[in-house]
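Enquirer: here is my input; please provide its structure:
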Amino acid sequence: MSNENSTYYEIQWLITEYQEIRKEIERRSKEQFICITGSIVSLGSILVFISKNPSTYYPLLIIIPWILTIFGLYWTDHSHHIFLLGSYIRERIESQINQTAIFKDKIGWQHHIQNIRLKLNDKKKKPALLVWLLPFVYFILPSITCIITYIFMRFGKIAKLPISIEILLILIGIIFIISLIISWSRATKAILK
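Expert: Numbers count the residues shown, from 1 in each chain. Sure thing, here's the model as predicted:
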């Protein structure tokens with residue numbers, strides 16, 4: 001009887017832990033959505049100012065990489081942690097529950113997802129297209145494009161900020177982009193685990 005009670009309490013504890021981790025995953029997913037929404041609103045606002053009077057508001061073009069990379073860093077950090085939490089559920093919680101005679105191999109969403117990932121790796125395909133492409137297409141590529149556009153504007157004599165400020169702003173943008181690429185790489189490596 002005590003063995004059954006300990007198994008029951010262990011399973012209840014694991015289910016409670018599972019529910020808390022799922023809440024954390026849900027919270028992080030909502031924050032990822034906020035990152036996308038916030039970046040769209042910010043980017044849209046800046047582009048409206050620039051389009052109304054390009055000669056006055058062109059310096060705003062150089063801060064777009066800052067905004068996109070900050071939102072991108074948050075997004076990729078959440079992505080990385082969501083995959084780590086999923087791995088924890090798969091490796092710790094599901095494995096322990098499946099070891100009991102009552103639930104023998106009954107629970108396993110994370111195991112199922114992992115099997116899909118392994119099959120994709122065998123076929124040399126990349127899983128989770130959203131995690132692979134969204135940071136690059138939405139956060140990294142536009143940031144690089146804005147810096148290049150600003151540099152062309154500078155050579156075209158449209159940009160007139162002091163050179164030291166321009167260099168500082170561009171370097172900070174490049175540092176942000178590099179940090180986003182590193183974060184993106186870390187998040188995509190978590191998928192493959």
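
Enquirer: where does the protein have low pLDDT?
Expert: 1-4, 100-131, 159, 190-193 (pLDDT under 70).

Enquirer: that one: helices as residue ranges?
Expert: 2-52, 54-57, 64-88, 95-98, 109-122, 129-134, 141-155, 163-192 (DSSP state H).

Enquirer: name the helices or strands packed onto the longest one?
Expert: I take that to be helix 2-52. Contact here means 3 or more CB pairs under 8 Å, 6 or more residues apart in numbering; DSSP states H and E; on that basis helix 2-52 packs against helix 64-88, helix 95-98. The way it works is simple: take the backbone N, C-alpha and C, and place the C-beta from them, glycine included.

Enquirer: equivalent analysis for the fourth one, please.
Expert: Judged by 3+ CB pairs under 8 Å, 6+ apart, helix 95-98 is in contact with helix 2-52.

Enquirer: before we move on, back to that, and the helices and strands packed on helix 2-52: which comes nearest Glu31?
Expert: Glu31 lies closest, by CB to CB, to one member of the helices and strands packed on helix 2-52: helix 64-88, at 5.5 Å.

Enquirer: tell me who's in contact with Ser143.
Expert: Contact analysis of Ser143 by CB atoms under 8 Å, 6 or more residues apart in numbering lists Ile64, Pro65, Leu68, Thr69, Gly72, Gly173, Phe176, Ile177, Leu180.

Enquirer: nearest the geometric middle of this protein, what residue?
Expert: Thr76 (2.0 Å; CA atoms, centre = their mean).

Enquirer: distance of the residue lying closest to Ser79 once chain neighbours are set aside relative to Asp77?
Expert: Nearest residue to Ser79 in three dimensions, chain neighbours excluded: Ala187, at 4.5 Å (CB to CB, 6 or more residues apart in numbering). Distance from Ala187 to Asp77, counting by CB to CB, to the nearest Å: 8 Å.

Enquirer: and the two? Which one has more around it.
Expert: Taking neighbours as other CB atoms under 10 Å, Ala187 and Asp77 compare with Ala187 leading, 23 against 17.

Enquirer: touching, that one and Leu134? I think so.
Expert: No: judged on CB atoms under 8 Å, Ala187 makes no contact with Leu134 at a distance of 10.3 Å.

Enquirer: and the helices and strands packed on helix 2-52 as TSV, adding distance to Gln19?
Expert: Output for the helices and strands packed on helix 2-52, formatted as TSV (distance: least, CB to CB, whole Å):
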stretch	distance to Gln19
helix 64-88	12
helix 95-98	13
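
Enquirer: single out the most deeply packed of the helices of the chain.
Expert: helix 64-88 (a mean of 21; mean count of other CB atoms under 10 Å).
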